[in-house]
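give me a 3D structure for the following:
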Amino acid sequence: MPGETIAVELRLHADSPEDLERFGLDLKRDLDDLPDAELSMAHAAAPVGSKSFGDIDWTQLLLALAASGGALTALIGLIQSHLSRDRKVRLVIDGDELELSGLDQEQQQRLIDAWLARRGDKPGRRG
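Model prediction:
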């Protein structure tokens, strides 16, 4: 990916392990199609003495995202499309966190706009 990138950590939460895996798989599929983003999966620690790399850790997805061109705004919109009452995603960039959950649209938008403004990105209505 040419140009400057930012590292984004997505921490996922769902009410059950099955929903968490389904949530992670659905989000991964859509993130794979997101332009200007490179996804890597976190792996759970393998048991001591094992030659395995460990299972995929569906609670955490790691992205390298283009620092310009609206990629962060597109990412937030994509995440919002996957949220429900029992699902949450926490975006972490350089220690700056934004938690997206099942809040009503207006509340969620105010939080997003404030977070983007604090980061120096342009807030505004999306999708």
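
run me through the strand neighbours of the worst-scoring helix or strand of the chain on mean pLDDT, direction for each.
Least confident element among the helices and strands of the chain, by mean pLDDT, DSSP states H and E: strand 37-43 (a mean of 77). Using DSSP bridges, strand 37-43 pairs in its sheet with strand 56-66 (antiparallel).

now do the partner strand: everything it contacts.
1, 3-13, 20-21, 23-25, 27-28, 31, 36-44, 71-72, 75 (Cβ atoms under 8 Å, 6 or more residues apart in numbering). (C-beta placed from N, C-alpha, C; glycine too.)

buried ones among the residues you listed?
Listed as buried from the contacts of strand 56-66 are 5, 8-10, 12, 20, 23-24, 27, 31, 36-37, 39, 71-72, 75; burial here means 16 or more other Cβ atoms under 10 Å.

find the nearest non-adjacent residue to L31, please.
L39 (4.9 Å; Cβ to Cβ, 6 or more residues apart in numbering).

distance of the one you found relative to D30?
Taking Cβ to Cβ, to the nearest Å as the measure, L39 falls 10 Å from D30.

likewise for W58?
15 Å.

where do the strands sit along this protein?
Counting by DSSP state E, one finds strands in the chain at the ranges 5-13, 37-43, 56-66, 88-93, 96-100.

need these in a markdown table with distance to I79, can you?
Output for those, formatted as a markdown table (distance: least, Cβ to Cβ, whole Å):
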| stretch | distance to I79 |
| --- | --- |
| strand 5-13 | 7 |
| strand 37-43 | 12 |
| strand 56-66 | 10 |
| strand 88-93 | 5 |
| strand 96-100 | 6 |
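
least reliable of the ones you listed by average pLDDT, please.
Mean pLDDT per stretch puts strand 37-43 lowest among the strands of the chain, at a mean of 77.

now it: how far from the chain's centre is it?
10 Å (Cα atoms, centre = their mean, to the nearest Å).

now do stretch 87-95
The answer for stretch 87-95 is 6 Å, by Cα atoms, centre = their mean.

do stretch 60-77 as well
Relative to the chain's own centre, stretch 60-77 is displaced by 8 Å; criterion: Cα atoms, centre = their mean.

between the two ends of it, how far is it?
Start-to-end span of stretch 60-77 (Cα to Cα, to the nearest Å) is 18 Å.
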